[in-house]
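Peer 1: sequence first, predicted coordinates after that:
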Amino acid sequence: MTREEYANILLPNVKYTYEEYEKMYPERNLKEGAIVSRYAPSPTGFVHIGALLTTFINYKMARQTDGVFYLRVEDTDQKRSIDDGINKIIEDLAKFDIEFNEGVTKEGDKGNYGPYTQSERKDIYWAFAKKLIAEDKAYPCFCSEEDNATSHEMQVQNKERTGYYGKWAKCRNLSMEEVINKINNGEKYIIRLKSDGDFNKKFTFKDLIKGKVEFPENDEDFVIIKSDGLPTYHFAHAVDDHLMRTTHVIRGEEWYSSIPKHTQLFKLLGFKIPKYAHISPLMIEDNGVRRKISKRKDPEAAVSFYHEKGIPNKAIMLYLETVANSNFEMWLEQNKDKDVNEFVLDFKRMSTGGTMFDYDKLINISKNYISRLKASEVYDLALEHARTYNKEFAKLLEKYREYSINVFNIEREQKKPRKDLAYFSDTENQIWYMYEELFNDVTYDWQNITDKKEIELILNTYINEYYDINDDKQIWFDKMKEMSEKIGYAGNMKDYKENPQNYKGSIADVSMVIRVALTSKSMTPDLYEIMKLLGTENIKKRVEKALQV
RNA sequence: GGCCUGUUGGUGAAGUGGUUAACACGUAUGCCUCUCAAGCAUAUAUGCACGGGUUCAAGUCCCGUACAGGCUACCA
């Protein structure tokens, strides 16, 4: 029996040979330096912030080099897969403007390197597994779970390294005849790699982010084909990334330790080793302990958390970009007029340790981002958020579209726009008083001036003698000064601070009374602009209402 | 237990052997034709985890310790 025949018995009914597959998926014809990268999730239907970071880096690297970014579904673990999970992932990523130019789409596969779903590539994996068996670089293993558990226990007891290697690799030296006999007896088997590595030998490896490192060679005969016939991650990674002609494998740090396995597999398969970049995880502080952000424990791990909070997706991307390359912030500062996409991401500037997830920073970025938008854009985003999370308020926004846009425009179109809205779940809280419908059960906190007579004096004097909707801002302010002085208040803060005993208070106190009467709040944006929008009728109504209290 | 990696202010970080350790966030105070926000100004590090060593000179190179993270599955 030749080794080819033997391989055929172990992995029967394979349609094509590995040589044929190699021909089917030729080298890509891309310009020098173009990066082919991918996002390869398990279809769990859930994108978390760490995955989004990794995906973004993959996407951006391909894009900035005119390369290819594709989506591959890693569903070799059927237990973890969720129906429709991949569609959810595609939708979520689209919200962040992450789009694929190849791979799985909602309408099926796109591109010439498919199928892009691992469960549909069984024949391909088998073809390459056969090659390894024929070359005596892989072998069937009949060990049961219990066998392995026993070995593991003994290894722990003897303080030896755990794993299926060396003398623990019981099936490694089975002869072809012994194997055939076992198969004829109906024994189940998996395929393991016949490792040629020596744990006591080291090799150096260069990671694009972490730099040069030494690893011991892999001597474990790890599984490449599982009992369900599907490949393990390791094997699928080697075969797929080779055949799909991936140039850069950019993935989470949890894979870093698998480098000895992966490079060995590529070599044994005769593949060119791709470049690797391992991204350090996003960390979170939990009771004084830093740990990797976790989907299960941390609400902020789920991308949906930010959606609910109303942090714009673009702001999240800006934050992730600063996490990826901290000089991005400085670049933004110096290139305000340029498109964000012009920023070039650099592996060398990525953090080698875990980055603490900085929520305050995210909020700050979001606040700045929103402040640079046009009022109509803010309106659109606010409405979109309200439609899902605050339906009543959404109705108001829709009913008063133009008016609402004007509200969002207060102190916006100026060189230093106002920055008080950081996320859209806060919208109503920020502007509710601008809507008559919501201005019902208000209470007034008059701050410094508590005497009712004074309040009446200020409001009446203002409405009857000074207020005119047609005043421009300067006149409006001059009048405020004039009135303050007339009724015994300092017209400007300097005078008041110099001789407080000469006045009942200052223009600030007078303005405050008007502000509270009109909005019921002591902190608002520019009073003049608010009044302009409220209009004479509402202003009079609100003053009356305030006087009745 | 083993194998890798990391450790600069409250946080993210710049820094790759040589003056007073960038910058941003946060915090505090002050300034401003009204409040708040913004803006501006100022302040905010027991000398870069700790202990040794190399060097004329070390966050910056070497060794050890501590702490943290990842991996150590027929999961990805």
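Peer 2: Sure thing, it's come through. Since we're looking at a predicted model, the values are computed, not measured.

Peer 1: distance from stretch A:344-354 to the middle of the chain?
Peer 2: 16 Å (C-alpha atoms, centre = their mean, to the nearest Å).

Peer 1: let me know the average pLDDT across it.
Peer 2: When pLDDT is averaged over stretch A:344-354, the result is 84.

Peer 1: if you look at that stretch, does any of it touch RNA strand B?
Peer 2: Yes. Counting by C-beta under 7 Å from any atom of the strand, RNA strand B has neighbours in stretch A:344-354: A:Lys348, A:Arg349, A:Ser351, A:Thr352, A:Gly353, A:Gly354. C-beta coordinates here come from the backbone N, C-alpha and C atoms, glycine included.

Peer 1: can you tell me which of those are buried?
Peer 2: A:Gly354 (16 or more other C-beta atoms under 10 Å).

Peer 1: in CSV, list the residues of stretch A:344-354 next to RNA strand B along with secondary structure.
Peer 2: Below are the residues of stretch A:344-354 next to RNA strand B laid out as CSV (DSSP: H, G, I helix; E, B strand; the rest coil):
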residue, secondary structure
A:Lys348, helix
A:Arg349, helix
A:Ser351, coil
A:Thr352, coil
A:Gly353, coil
A:Gly354, coil
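
Peer 1: so what touches the helix or strand where A:Ile191 lies?
Peer 2: Per DSSP states H and E: A:Ile191 is located in strand A:190-193. Residues outside strand A:190-193 that contact it (C-beta atoms under 8 Å, 6 or more residues apart in numbering): A:10-11, A:129, A:132-133, A:137-141, A:164, A:169, A:171-172, A:221-227, A:264-265, A:268.

Peer 1: which members of those are positioned in helices?
Peer 2: A:Leu10, A:Ala129, A:Leu132, A:Ile133, A:Gln264, A:Leu265, A:Leu268 (DSSP state H).

Peer 1: distance between the longest helix anywhere in chain A and the chain's centre?
Peer 2: Ranked by residue count under DSSP H, the longest helix found in chain A is helix A:527-548. In terms of C-alpha atoms, centre = their mean, the centre of helix A:527-548 is found 44 Å from the chain centre.

Peer 1: remind me what it packs against, helices and strands.
Peer 2: helix A:401-408, helix A:452-461, helix A:473-486, helix A:507-519 (3 or more C-beta pairs under 8 Å, 6 or more residues apart in numbering; DSSP states H and E).

Peer 1: buried sites along the second one?
Peer 2: The one in question is helix A:452-461. For helix A:452-461, by 16+ other C-beta under 10 Å, it's A:Glu454, A:Ile455, A:Leu457, A:Ile458, A:Leu459, A:Thr461.

Peer 1: may I have it as PDB, with CA atoms only?
Peer 2: Output of helix A:452-461 as PDB, limited to C-alpha atoms (Å, rounded to 0.1, in the frame of the first residue of the first chain):
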ATOM      1  CA  LYS A 452     -40.500  87.700  45.000                       C
ATOM      2  CA  LYS A 453     -40.900  91.400  44.600                       C
ATOM      3  CA  GLU A 454     -37.600  91.700  42.900                       C
ATOM      4  CA  ILE A 455     -38.400  88.800  40.600                       C
ATOM      5  CA  GLU A 456     -41.600  90.500  39.600                       C
ATOM      6  CA  LEU A 457     -39.900  93.800  39.200                       C
ATOM      7  CA  ILE A 458     -37.300  92.300  36.900                       C
ATOM      8  CA  LEU A 459     -39.700  90.300  34.800                       C
ATOM      9  CA  ASN A 460     -42.200  93.000  34.400                       C
ATOM     10  CA  THR A 461     -39.700  95.700  33.700                       C
END
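
Peer 1: elements contacting it?
Peer 2: helix A:507-519, helix A:527-548.

Peer 1: make a markdown table out of those helices and add distance to RNA strand B and mean pLDDT.
Peer 2: Listed next are the helices and strands packed on helix A:452-461 as a markdown table, based on distance: least, C-beta to the nearest atom of the strand, whole Å; pLDDT from 0 to 100:
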| stretch | distance to RNA strand B | mean pLDDT |
| --- | --- | --- |
| helix A:507-519 | 4 | 92 |
| helix A:527-548 | 4 | 92 |
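
Peer 1: enumerate the residues of the stretch 401-549 of chain A near RNA strand B.
Peer 2: Checking the stretch 401-549 of chain A against RNA strand B by C-beta under 7 Å from any atom of the strand, the hits are A:411, A:416-420, A:474, A:477, A:480, A:492-494, A:507-508, A:511-512, A:515, A:522-528.

Peer 1: which parts of the stretch 151-300 of chain A sit against RNA strand B?
Peer 2: A:152, A:159, A:161-164, A:188, A:190, A:202, A:210-211, A:213-216, A:222-223, A:226-228, A:230, A:232-233, A:253-258, A:281, A:283, A:289-292.

Peer 1: just the buried residues out of those, in ChimeraX syntax.
Peer 2: Burial among those is assessed by 16+ other C-beta under 10 Å; the matching ChimeraX selection reads:
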select /A:163,164,190,210,215,222,223,230,232,233,253,255,256,258,281,283,292
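
Peer 1: among the residues of the stretch 151-300 of chain A next to RNA strand B, which are in strands?
Peer 2: A:190, A:202, A:211, A:213-216, A:223, A:283, A:289-292 (DSSP state E).
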